[in-house]
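S.K.: Take this sequence and fold it.
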Amino acid sequence: MDLEFSELKELIKDDFRRTNETHEILRSISNFCNSKEDIDRGRELLIRALEYKLDFDEVVLNSLLRKVGLFPYIEWQSGDRSFSDDLAYELHKPKSGDLVFHSLQAKVYNKIVNGENIVLSAPTSFGKSILIDSLIESGKFSRLVIILPTLALIDETRQRIVERFPENVRVITHSSQSENDQVGSINIYALTQERALELDRIDNIDLLIVDEFYKVDPKFEEADERSLLLNYAFHKLIKRSKQFYLLGPNIESVSGLDFYGKDFYFIPTQFTTVAADIYNYNYKTNDPARDSKLKELVFSDSSPKIVYCQSPTSASKVARLLVDHGSFNIDDEVDNAVRWIEDNYSPYWIVAEALKSGVGIHHGGVPRALQQWMVKAFNSGLIKALVCTSTIIEGVNTVAKTVVLYDRRKANNVLDFFSFKNIIGRAGRMGEHFVGQAHILESAPESEFFDVSFPISFPENYTRPSWHLLHDDEDEKPPIPEGRFNNLLNNDLLNREFLKKNLPLSIEGQIQVAKDFKRNFGFFEEVIFSGEYPNYAEKQELLLICFNAFLSNSGQRYGVFSHTQLLHKVESILRATSLSSYLEDRVENKNDDPSLVVENELRFIRNIMGFSLPRSIKAVINIAQEISEHKLKVEPLEVYALQIENLGIQPAFFAMEEFGVPFQIAKKLEHLFRTLYPEDTPSIDEAVAFTKTVARSDSAPAFSEFERVLLSRLEQSTR
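M.R.: Numbering: from 1, shown residues only. Sure thing, here's the model as predicted:
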């Protein structure tokens, strides 16, 4: 009698019946594997059986694994393989090395190396990173561009490639880095869409790879700014690329790519290398049972668990719940990390307090170097639970056996089915956990059909920001919104090409700045562009322009309602003896929760000082130069913008955060560099090389044990 799919899943987990009915179980699984309609379910059942592979006949199990294409999981003993087995193995291996593809990986790989364009929609556990590495290893592509949705994914990609490949493979993540021009070298640009738009020099691309490509369609990103920027980056780079490879999960159709006149092969698949048990609890948001179940699940055993939360605020709340309930044992490295975070940020920060209990936190408010360390500590088993937002769910590789969805929202919006599928796809890990678990504490969303549309397209009734008009190419004329945008591009102050340079700042703001300069040019020339480093009053005038034109909305998110408040905050941070002393002062002068104060300040530093404000200052400088026909002395203001962006240290050392070195350590390194080379301004590559030299030196300045751990890892992840 053939067994049903659901019955087989239960039988495989039942110790007594599994060991007494192995023949019947394998026979029933083979029926699924031999059916074209049921082969995906047959594959899932085999993956579940691999959890208990010693209970099953190895020869039969291997034969079925070969049938469903799971070659990486086959463990042939010496002499067991036939000629056909050897042939199948060779056909599922890339050009070199011991790696063996599963059947669909081999299909995608062969199509790409043979010159085809591929759009792949596959689950998280498909093994997409392995494919990218194998394409690099093939030697067919000498210049690749990989567009990644987050800086965290850039960091992970860079580290993975550097650790795997020899010196002739160079990874470029910044505009200041140059290519390796030696014969036979491979240059790989790993960039976000923003950085791709900044780099005009990229041309003659052999292979363009876009990870999480569905984000080009605004309906997946609430039509936000980053979706539009990805559209423009893709539109710009696809014209310069010989070939493309787009990859992402859960997409059922793709439309509009024929606009670019390039044939492509769309592969939608549910081919997975792990299985997942999904548990739905349907708790209401305010039901105390939801919190009780969360604590029960996290502390049920020491297997690695990710807890998904909708926002940093929710993540802090969840971490507090877990800390108050229990803890995991921690080793010396985690203990050292706790003390370092307390000393260099704040002892009141929930990130430090949670780590004491063996619980990590990963979200956009956590500095990047600490995010990197959290992932490494989690993947190596140093911390057992990781509380996160979408910053880690969307792409970063983890070894979680269990995913718990605490919230059913993403930021302030109800979680859509697409994001939901992406999150539960993190349960289990190829080669680590055959069967994962996904626990949905609130109700799961309804299933949906997902289509991705190319080129630039927008949901119905969506009003594009004005700067989008700058990218309506002659060969692409989407509808121009009526009303207030009609005359923007026809102004007599700033032309279309100039406005593009300050993307994505609003056209209205740019034109208003230009009008103000034109009307009061003498005043601004004397007060702001004096040729000297700006004093406090001159900084006030500069930030007044920036705030009114570009920053009033974003500033209010951080309690900044005027340019004077903005300047006071910026100057306080730059003048502080240390970041920890600034944070301590803010905690003492606020009545809010101390941990929340710390997180808000860190987000302000990252988002306003690290991005929005210096971008606005640079735009004001560009506009003033355009109006004056480049007669103004702008260098002192450019220096001021860089100081804000890099918290007062040289840009190359500030960028070390991306390489896993926190700002506080980078500041020590920069001080040593200035002492040794007072006249030099290093590039990023030179700063990395200097840091490696310092890390190896016995005479290096005193670093704590945790700092030495971070510096030692730099050696393996850069070149």
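S.K.: What is the neighbour count of E635?
M.R.: A count of neighbours around E635, defined by other Cβ atoms under 10 Å, yields 11. Yep, even glycine has a C-beta here, placed from its N, CA and C like the rest.
S.K.: Next: T19.
M.R.: Neighbours of T19 (other Cβ under 10 Å): 12.
S.K.: Likewise for the one 5 residues further on?
M.R.: If you count neighbours by other Cβ under 10 Å, E24 ends up with 15.
S.K.: for the chain, which residue is closest to the average position?
M.R.: T150 (2.9 Å; Cα atoms, centre = their mean).
S.K.: just checking, that one touches L191?
M.R.: No - T150 is beyond contact range of L191, at 11.4 Å (criterion: Cβ atoms under 8 Å).
S.K.: Now do the strands in the stretch 301-450 of the chain.
M.R.: Secondary structure of the stretch 301-450 of the chain (DSSP state E, counting those that start in this stretch): strands located at 305-308, 359-362, 385-388, 402-405, 409-410, 413-414, 435-440.
S.K.: among the ones you listed, which gets the worst mean confidence?
M.R.: Among these, strand 413-414 carries the lowest mean pLDDT, a mean of 82.
S.K.: Can you tell me the strand partners of it and which way each runs?
M.R.: strand 409-410 (antiparallel) (DSSP bridges).
S.K.: Following element in sequence after the worst-scoring helix or strand of the chain on mean pLDDT, please.
M.R.: When the helices and strands of the chain are scored by mean pLDDT, DSSP states H and E, helix 83-91 comes last with a mean of 67. As assigned by DSSP states H and E, the chain's next helix or strand after helix 83-91 is helix 103-113.
S.K.: Identify all contacting residues around the helix or strand that that next one is followed by.
M.R.: Using DSSP H and E, the helix or strand that follows helix 103-113 in sequence is strand 118-121. Defining contact as Cβ atoms under 8 Å, 6 or more residues apart in numbering, one finds that strand 118-121 is touched by 108, 111-112, 126, 128, 213, 244-252, 254, 257, 264-269.
S.K.: Same check on stretch 426-440?
M.R.: 47-48, 50-51, 72, 124-125, 127, 273-281, 293, 297, 303, 306, 393, 397-405, 408, 423-424.
S.K.: Now do that stretch: distance to the chain's middle.
M.R.: When C-alpha coordinates are averaged (Cα atoms, centre = their mean, to the nearest Å), stretch 426-440 and its chain have centres 20 Å apart.
S.K.: Stretch 20-40 now?
M.R.: That offset, for stretch 20-40, works out to 39 Å (Cα atoms, centre = their mean).
S.K.: Please identify the buried residues of it?
M.R.: Going by neighbour count (16 or more other Cβ atoms under 10 Å), the buried part of stretch 20-40 is 21-22, 25-26, 28-30, 32-33, 39-40.
S.K.: That one - what's its average pLDDT?
M.R.: On average, the pLDDT along stretch 20-40 is 90.
S.K.: Please apply the same query to stretch 575-585.
M.R.: Throughout stretch 575-585, pLDDT has a mean value of 95.
S.K.: same check, this time on stretch 501-518
M.R.: Averaged over stretch 501-518, pLDDT sits at 85.
S.K.: buried residues in it?
M.R.: Within stretch 501-518, the residues that count as buried by 16+ other Cβ under 10 Å are 502-514, 516-517.
S.K.: same question, stretch 684-692
M.R.: 684-685, 687-688, 690-692.
S.K.: Low-confidence bits of the stretch 51-200 of the chain, can you list those?
M.R.: Residue ranges of the stretch 51-200 of the chain with pLDDT under 70: 76-90, 95-98.
S.K.: any chance you could map the strands in it?
M.R.: 118-121, 143-147, 169-172, 186-191.
S.K.: how about TSV for these, with mean neighbour count and distance to I665 added?
M.R.: Below are those laid out as TSV (neighbours: other Cβ atoms under 10 Å; distance: least, Cβ to Cβ, whole Å):
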stretch	mean neighbour count	distance to I665
strand 118-121	22	39
strand 143-147	24	28
strand 169-172	22	22
strand 186-191	24	23
